[in-house]
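> quick check, what structure comes out for this input:
(one chain, ligands or ions: 1)
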Amino acid sequence: MKQTFEFTKIDEAGRVLIKKNIRKMLDIKPGDSFQVFIDKGNLVLSPAKPCCCICSGRKNLVLIGEKYICQSCKKQITEN
Ligand SMILES: [Zn+2]
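Numbers count the residues shown, from 1 in each chain. Model (predicted):
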């Protein structure tokens, strides 16, 4: 997954807007839950739903053992 840099602001109520392009990229929908933590001085929002263990994508996931993999990565692995 490519690196994405965006600027956003926090409002008086502590809310931060996650812009549409990032929500779409990570398949984030209203009502989704996140783990919020601090890592080396960075605030991290980690969607509390499964993602591909290779590309971190969240679309078209297949459960293999205890890990999720997306159809795109699965295809790349099986073709090589
Ligand atoms: Zn993947």
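> so which bits of this protein are right by the ion?
52, 54-55, 57, 70, 73 (Cβ under 5 Å from the ion). Where you see a C-beta, it was placed from the backbone N, CA and C, and this is true even at glycine.
> show only the entries of the residues you listed found in strands.
Using DSSP state E, residue 70 are the members of these that sit in strands.
> and the residues of the chain next to the ion, which are buried?
52, 54, 57, 70, 73 (16 or more other Cβ atoms under 10 Å).
> please tell me how far the last one sits from residue 65.
When distances are taken as Cβ to Cβ, to the nearest Å, residue 73 and residue 65 turn out to be 15 Å apart.
> turn the residues of the chain next to the ion into TSV, columns for pLDDT and distance to residue 21.
Formatted as TSV, the residues of the chain next to the ion follow (pLDDT from 0 to 100; distance: Cβ to Cβ, whole Å):
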residue	pLDDT	distance to residue 21
52	91	19
54	93	22
55	93	17
57	89	15
70	95	19
73	95	22
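> could I get the phi/psi values of residue 13?
phi -90, psi 0 (degrees, to the nearest 10).
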